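[1] got a predicted structure here, sequence first:
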Amino acid sequence: MPFHLHFDESDLLRCRFALSPLFETQEAVRTLHRPARHGYHLPWLRRIREGAAGLDLTALWLLMPDPGHNPDFICPPPLGPLATFAEEIEVVRATDPATARDDIALALADTPGGLRSPAGQRMLAEPDRAVQELADLLERAWEVMVAPHWPRLRALLEADIAYHSRRLAEVGFERLLGEISPRLRWADSTLTVAGTSGNHSRVLGGQGLVLMPCVFVWPDVVGGYEPPWQPAVIYPARGIGGLWTESGDRTPDALARLLGRARADVLCALGEPAGTSALAHRLSLAPSSVSAHLSALRAAGLLTSRRYGHQVLYERTPLGMALAAQDH
């Protein structure tokens, strides 16, 4: 069923991109519970298996009906483009209990047996306690399942935002939406998100829209947030197919002989734009070494660089792409 977002001119001026470590954490929890999402993330699932086994995620899963309403307060749209998990989880902890209770009730009503379950009844009876317990659980999930991999995830998300921001300038908002996902359609100042649960409409009323890439949301596109939260569309980030691939699995031997293994690994790791720290984490190299390799590759005409937010992102030139695309 579709979700309709109705724009006016002021809304178009208030559209923005953002990323959210809290939303990634929620979707990581959801992915753990839904085998249909496992395809791209099997290496991640193997890495977190032991730690995740020590988490009791039942309360969160109870609030994640598929399809159905998911509580907005446990992952509100980020206020800025580069919000930290600590900043976001404090917003969750500050949720008004009455707001949380209404949000929880909507989710439990869409979960078979949710309203009658002991856990659901406890959350409705003590929403202030439920808010803190859910925040604690999200924080533990972040620490075990997402934080160890956040530099890699953040690099991919920032690269997606950089790419789509450039495409917005090149092709405009209507065409950009179609490129982000075939489930997004624009007509008569209305954005339709196909394939979501329910048949909802919302007039943005000058709030604008948050466009947010997400690693773990694949293959879904999520459109929503009820008032008072700013509307958002969350879509699968570009490049997740190679997210968990190790550098040695994708560096051609001929290229390694030409450039040296470490430098060739850096070039081949840039399937999406990334910064020095993310590449260092991904390749298990010292940031100073990665910085030296990036400078050399840029001087050779294989990379370009540009500033995004707090860091410099590097990406391949056409020559760099051609070299990295050699057969193994």
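    Sure thing, it's come through.

[2] tell me where the stretch 1-150 of the chain is predicted with low confidence.
    For the stretch 1-150 of the chain, the stretches flagged by pLDDT under 70 are 1.

[3] could you pull out the helices in it for me?
    Assigned by DSSP state H, counting those that start in this stretch, the helices in the stretch 1-150 of the chain fall at 9-12, 21-33, 42-53, 58-62, 85-93, 97-110, 118-125, 127-141, 150-171.

[4] between the ones you listed, which one is nearest to S289?
    helix 150-171 (15.9 Å; CB to CB). All C-beta atoms are positioned from the backbone trio N, CA, C, and that covers glycine.

[5] check the offset of stretch 44-57 from the chain's centre.
    Remark: stretch 44-57 is offset 19 Å from the chain centroid, using CA atoms, centre = their mean, to the nearest Å.

[6] and the contacts of that stretch?
    For stretch 44-57, the external contacting residues (CB atoms under 8 Å, 6 or more residues apart in numbering) are 29, 32-33, 38, 137, 140-141, 144-145, 148-149, 244.

[7] winner for burial among the helices of the stretch 1-150 of the chain?
    Per residue and on average, the most neighbours among the helices of the stretch 1-150 of the chain fall to helix 21-33, with a mean of 24 (mean count of other CB atoms under 10 Å).

[8] what packs against it?
    Helix 21-33 sits against helix 58-62, helix 85-93, helix 127-141, helix 150-171, strand 210-214, with contacts defined as 3 or more CB pairs under 8 Å, 6 or more residues apart in numbering; DSSP states H and E.

[9] let's have those in JSON lines, adding distance to L323.
    JSON lines is the format used below for the helices and strands packed on helix 21-33 (distance: least, CB to CB, whole Å):
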{"stretch": "helix 58-62", "distance to L323": "45"}
{"stretch": "helix 85-93", "distance to L323": "37"}
{"stretch": "helix 127-141", "distance to L323": "40"}
{"stretch": "helix 150-171", "distance to L323": "19"}
{"stretch": "strand 210-214", "distance to L323": "27"}
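
[10] to P112, which of the ones you listed lies closest?
    Taking CB to CB, helix 58-62 is the member of these nearest to P112, at 10.5 Å.

[11] contacts for the closest one, please.
    Contacts of helix 58-62 with the rest of the structure, by CB under 8 Å, 6+ apart, involve 26, 29-30, 33, 74, 107-108, 111, 114, 117, 119-120, 123, 133-134, 137-138, 141.

[12] let me know the secondary structure of R306.
    Classification of R306 by DSSP: H, G, I helix; E, B strand; the rest coil places it in strand.

[13] return the residues in contact with it.
    Residues near R306 by CB under 8 Å, 6+ apart: 162, 312-313.

[14] and R34, by the same measure?
    When contacts are taken as CB under 8 Å, 6+ apart, R34 is in contact with D66.

[15] how much space separates it from R152?
    Note on R34: its distance to R152, by CB to CB, to the nearest Å, is 22 Å.

[16] so which of the helices and strands packed on helix 21-33 is nearest T99?
    helix 127-141 (8.5 Å).

[17] show me what that closest one is packed up against.
    Contacts defined by 3+ CB pairs under 8 Å, 6+ apart place helix 127-141 against helix 21-33, helix 58-62, helix 85-93, helix 97-110.

[18] including distance to L270, could those helices go into TSV?
    Converted to TSV, these look like this (distance: least, CB to CB, whole Å):
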stretch	distance to L270
helix 21-33	22
helix 58-62	35
helix 85-93	26
helix 97-110	40
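
[19] L285: which of those helices is closest?
    helix 21-33 (23.8 Å).

[20] and that closest one with helix 150-171, angle?
    110 degrees (axes from the mean of the first three to the mean of the last three CA atoms, to 10 degrees).

[21] residues in contact with helix 21-33: which ones?
    Contacts of helix 21-33 (CB under 8 Å, 6+ apart): 37-38, 41, 45, 52, 57, 60-61, 64, 74-75, 78, 83-85, 88-89, 92, 138, 141-142, 145-146, 150, 153-154, 157, 212, 214-217, 234.

[22] residues in contact with F85?
    For F85, the contact set (CB under 8 Å, 6+ apart) comprises 21-22, 25, 139, 142, 147.

[23] which residues does the residue most central in space within the chain contact?
    Residue closest to the average C-alpha location in the chain (CA atoms, centre = their mean): C214, at 2.0 Å. Taking CB under 8 Å, 6+ apart, we find C214 in contact with 20, 23-24, 27, 157, 222, 234-237.

[24] show me which of these is closest to A100.
    Nearest to A100 among the contacts of C214, counting by CB to CB, is F23 at 17.4 Å.
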